[in-house]
Each structure stands twice: as C-alpha cells, then as structure tokens.
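>>> show me the folded form of this:
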Amino acid sequence: MKLLRRRPHQQLPRAVVKTLGYRLFMVAITVGVAFLVVGNTAEALSIGLIANVVKTGTYFAYERAWDRVDWGV
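Okay, the predicted model is just below:
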C-alpha cells in the first residue's frame, strides 16, 4: 500500500475555497470571543484579523499536505 501520492485528491481551486470559507467562519468566532474578552470592537477586530491571516496560511499548507496522503481514503 502506498502512503503518499504525487497528486492531491482535490483540485487547487476547491482547496482555496474551502480554506477561505472556513477562515471567514473562524474570523467571526475569533472576533466575537475577543470582543467578549477585551470589550472593544477595534481591538477585537484587530485580534481576529491578525490571528486569522496567520492561521489561513498554515491551514492551507496543512490541508494540502494531508491531501497527498492516501492513508484512510
């Protein structure tokens, strides 16, 4: 059984759309929680946006790496 494959299971546009959709959802959650903690809209937006810009890149890379793993598919 081969563990890794050269080509991903899904196309790049699908991975990008999945990543962006998920991150938009997570931005809303992060901003909401940050607002409950700091009580300031501008600070909550800043926290939510900065955290999620970093997380978007790492999630995309992680998802693309796992997409090449045949195990469990």
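
>>> from here on, contacts and neighbour counts on C-alpha atoms
Fine.

>>> ok, Asn52 - contacts?
Arg23, Met26, Val27 (C-alpha atoms under 8 Å, 6 or more residues apart in numbering).

>>> and it, what element?
Assigned by DSSP states H and E, Asn52 falls within helix 41-66.

>>> what's the distance between that helix and the middle of its chain?
The chain centroid and the centroid of helix 41-66 are separated by 6 Å under C-alpha atoms, centre = their mean, to the nearest Å.

>>> what is the mean pLDDT for that helix?
What helix 41-66 shows for mean pLDDT is 90.

>>> which stretch of helix or strand covers Trp71?
Applying DSSP H and E, one finds Trp71 in no helix or strand.

>>> chain neighbours aside, what residue packs nearest to it?
Leaving aside its sequence neighbours, Trp71 sits nearest to Leu3 (C-alpha to C-alpha, 6 or more residues apart in numbering; 5.6 Å).

>>> just give the number of residues close to that neighbour.
For Leu3, the neighbour count with other C-alpha atoms under 10 Å is 9.

>>> nearest spatial neighbour of Arg23, skipping sequence neighbours?
Using C-alpha to C-alpha, 6+ apart and skipping residues adjacent in sequence, the residue nearest Arg23 is Thr56, 6.2 Å away.

>>> what about that neighbour, distance to His9?
20 Å (C-alpha to C-alpha, to the nearest Å).

>>> okay, those two: which has more neighbours?
It is Thr56, of Thr56 and His9, that has more neighbours when counted by other C-alpha under 10 Å, with 19 against 15.

>>> correct me, but that one touches Gly21?
No. Thr56 lies out of contact with Gly21 (C-alpha atoms under 8 Å); the separation is 10.2 Å.

>>> hmm, back to that, the residue nearest to Arg23 and Thr30, how far apart?
Distance, Thr56 to Thr30, by C-alpha to C-alpha: 13 Å.

>>> before we move on, what about Val69?
Separation of Val69 from Thr30 (C-alpha to C-alpha) stands at 30 Å.

>>> so which of the contacts of Asn52 are in helices?
Arg23, Met26, Val27 (DSSP state H).
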